[in-house]
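A.B. asks: predicted structure and sequence below. I'll ask about it afterward.
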Amino acid sequence: MKTCCCCQKPKANLNCGLCLEPLCKGCAQFVDEESFSFLKSIPAELGHSVYCGPCFDQQVAPEMAKYQEILDRAKDILVYEKTQGKETRYIKRLADPVLVADCADHDETILRLAFFAAKENYNALVDVDLRSKKVKVGGYQTTIWSGSGVPAQVDASRLVKDRSIWQNPN
C-alpha cells in the first residue's frame, strides 16, 4: 500500500505529475486543463492535472501567476478594428499580425488576440479583423470565430484627440 509523501497517510491513490510521488486526495493540488488555455503550446511541466505541494509551489504557481498577469494586461489592451483607420493612422505597425482560429465567440476571439499582444508587451491591437463561420455539426448549427490583428505600442501623443471622428471608442 502506498503512503502519501506529504501527510504519510496510507491511502495514496494519486501520483504527482512531476516527481511521480504518491499523494492522497487531500494533499494533491489540482490544476484544471483550461488553466492555460490561451497559450499556443503548454509546457510539459504544466500539462499535468495533479501535483504535490512542493512541486506546485516551486514550478506551477509562478507560471500561473505570470499567466494571470498577462491575462489581466490583455483585458486592458486597446482594440481598434480595421474600420477605425482615422484613429490609428499615426500608430506604427511594426509587429507581425497575430492570428487566432476556432474560437467559441466574439469576445473570446478578441481576448485571445489581446493575450498574444500582451504577452509580447504591447498595449494595443490595431487593424483587428474578426470573421465568423457557421458550421453544422450533426443536427445543430454553431458559429466559429477567427480573427487577426497587429500588436502595437500606443502612447497618448499618437492617439487622435478629436472625438467627433470616432466610430467605435473604447
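C.D. replies: Thanks, I have the structure now. Numbering: from 1, shown residues only.
A.B. asks: tell me the buried residues in stretch 9-16?
C.D. replies: 12, 14, 15, 16 (16 or more other CB atoms under 10 Å). C-beta: built from backbone N, CA, C; applies to glycine.
A.B. asks: quick one: mean pLDDT for that stretch?
C.D. replies: For stretch 9-16, the mean pLDDT works out to 88.
A.B. asks: how about stretch 111-130?
C.D. replies: 95.
A.B. asks: next: stretch 142-151.
C.D. replies: Stretch 142-151 comes out at a mean pLDDT of 96.
A.B. asks: how about residues contacting that stretch?
C.D. replies: 79, 93, 95-106, 108-110, 112-113, 116-117, 120, 122, 124-135 (CB atoms under 8 Å, 6 or more residues apart in numbering).
A.B. asks: got any ranges where this structure has weak pLDDT?
C.D. replies: The chain contains residues with pLDDT under 70 at 1, 156-170.
A.B. asks: and the residue nearest the centre of it?
C.D. replies: residue 38 (3.0 Å; CA atoms, centre = their mean).
A.B. asks: what's the closest non-adjacent residue to residue 60?
C.D. replies: Among residues not flanking residue 60 along the chain, residue 51 sits closest, at 5.7 Å (CB to CB, 6 or more residues apart in numbering).
A.B. asks: so what's the one you found bridging to?
C.D. replies: Taking DSSP bridges as the rule, residue 51 bridges to residue 29.
A.B. asks: what is the burial count for it?
C.D. replies: 27 (other CB atoms under 10 Å).
A.B. asks: now do the helices in the chain.
C.D. replies: 53-55, 61-75, 85-88, 106-119 (DSSP state H).
A.B. asks: highest mean neighbour count out of those?
C.D. replies: helix 106-119 (a mean of 21; mean count of other CB atoms under 10 Å).
A.B. asks: show me the contact partners of that helix.
C.D. replies: 38, 70-71, 73-75, 77, 79, 98, 100, 103, 123-125, 128, 130, 132, 145-149, 151.
A.B. asks: stretch 10-30 now?
C.D. replies: Contacts of stretch 10-30 (CB under 8 Å, 6+ apart): 1-7, 9, 45, 47-53, 55-56, 59-60.
A.B. asks: if we can go back for a sec, filter the contacts of helix 106-119 down to just the buried residues.
C.D. replies: Here, 16+ other CB under 10 Å leaves 38, 70, 73-74, 77, 79, 98, 100, 103, 123-125, 128, 130, 145-149, 151 buried among the contacts of helix 106-119.
A.B. asks: in strands, which of these fall?
C.D. replies: 79, 98, 100, 103, 124-125, 128, 130, 145-149, 151 (DSSP state E).
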